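1. using only what follows, build the 3D model:
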Amino acid sequence: MEEYKFRGKSIDELKKMSNEDLAKIANADFRRAIKRGFSPEEKAFLVNMKKKAAKSKNIKTHMREMFIMPDFVGLTIHVHNGKEFIPIEIKPSMLFHRLGEFALTTKQVKHGSPGMKATRSSGFVPIK
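-> Here you go, the predicted structure:
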């Protein structure tokens, strides 16, 4: 299997890079976030994530707007979708996306057949 590379850099090289160097090769959304700096909550999440990853505990978070950093690759992070925590296994192709993109908050709409008296025409559907 071929090793994943992000713009010519392997995951190990990306893990060694500073946030400013990562911003140079990442997308514009990530660059702006790095320029603003991480919020106190995001900094606390990064510290706690490293502690829990070392102990291989469940990592649960409500931080849907947090970017996926190279350190997260290989971990399973449980992201809250408003109702429950959705486990997300972080893969290299998810780098520099937000955690919330992978824990959907709404279900896909699946329309079934109409019930009795759902519409005017359904009154004439024969019942078996």
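
2. residues contacting stretch 76-89, please?
-> Counting contacts by C-beta atoms under 8 Å, 6 or more residues apart in numbering, the residues outside stretch 76-89 that touch it are 49, 58-64, 75, 90, 99-100, 102-105. All C-beta atoms are positioned from the backbone trio N, CA, C, and that covers glycine.

3. tell me the mean pLDDT over stretch 83-103?
-> Stretch 83-103 shows an average pLDDT of 92 in the prediction.

4. quick one: distance of it to the chain centre.
-> 2 Å (C-alpha atoms, centre = their mean, to the nearest Å).

5. list the buried residues in it.
-> 85, 88, 90, 92, 94-96, 98-100, 102-103 (16 or more other C-beta atoms under 10 Å).

6. filter those down to the ones in strands?
-> Of those, the ones assigned to strands by DSSP state E are 85, 88.

7. for the chain, what are the low-confidence residue spans?
-> Residues of the chain meeting the criterion pLDDT under 70: 1, 114-128.

8. could I get the contacting residues of the most centrally placed residue in the chain?
-> Central residue of the chain (C-alpha atoms, centre = their mean): residue 99, 2.3 Å from the mean position. Contacts of residue 99 were listed using C-beta under 8 Å, 6+ apart, and they are 61, 63-68, 77, 79, 88.

9. which two of these have the greatest separation?
-> Largest separation among the contacts of residue 99 by C-beta to C-beta: 65 and 88, giving 14.4 Å.

10. distance check, the closest residue to residue 25 other than its chain neighbours against residue 92.
-> Once flanking residues are discounted, residue 25 sits nearest to residue 7: 4.9 Å by C-beta to C-beta, 6 or more residues apart in numbering. Using C-beta to C-beta, to the nearest Å, residue 7 is found at 12 Å from residue 92.
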